[in-house]
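*Asks:* Fold the following for me, if possible:
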Amino acid sequence: MSSYNRVTLVGNLTRDPELKRVKSGQAVTDLGLALNRAWTNEAGQKQEETTFVDVTVWGKTAENAAKYLQKGRSVLVEGRLQLDTWMDSKSGQNRSKLRVVAESLQFMGGNQHDTQHGTADRGGDAAREAA
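*Replies:* Numbers count the residues shown, from 1 in each chain. Alright, predicted model coming up:
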């Protein structure tokens, strides 16, 4: 059976991006994204909910994100879900975390300069494999 793994999100950054490099020299940055949802319940009361998502960005896209984005900025992320699993060294228990690996990133709500540099290229898979 085939499967489809595609995610599209629009949200606000929860922290400034911090650019890092892996052993191969490939650029990587992790973004924190807040997704807000508002609705009215059956009693007519306004409700709000925020979901926090971790996003990993590779290559030139990561470099542009670190250069042009800051906390609070709106971004559109397209990518795929990835489940990371590891053994917690303190407790010895298995841990897991679902994250989005970005394949494209579009900066939103910025000025003309930011918009010109706002659409980043695809290439998350190739960049990840190079790490």
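*Asks:* what's the spacing between Leu33 and Val75?
*Replies:* 7 Å (Cβ to Cβ, to the nearest Å). To be clear about C-beta, it is placed using only N, CA and C from the backbone, and glycine gets the same treatment.
*Asks:* Common neighbours of those two, please.
*Replies:* 11-13 (Cβ atoms under 8 Å, 6 or more residues apart in numbering).
*Asks:* report the longest helix in this protein, please.
*Replies:* helix 59-68 (DSSP state H).
*Asks:* Leu31 versus Thr8, what's the distance?
*Replies:* In terms of Cβ to Cβ, Thr8 sits 15 Å off from Leu31.
*Asks:* These two - which one has more neighbours?
*Replies:* Looking at Thr8 and Leu31 with other Cβ atoms under 10 Å, you find the greater number of neighbours at Leu31, namely 27 against 10.
*Asks:* related to what we said a few turns ago, what helices or strands is the longest helix of the chain leaning on?
*Replies:* The contact analysis (3 or more Cβ pairs under 8 Å, 6 or more residues apart in numbering; DSSP states H and E) places helix 59-68 against strand 27-40, strand 94-108, helix 124-130.
*Asks:* beta partners of the closest residue to Glu63 other than its chain neighbours?
*Replies:* In space, and not counting its chain neighbours, Glu63 is closest to Ala27: 4.9 Å by Cβ to Cβ, 6 or more residues apart in numbering. Beta-bridge partners recorded for Ala27 (DSSP bridges): Arg21.
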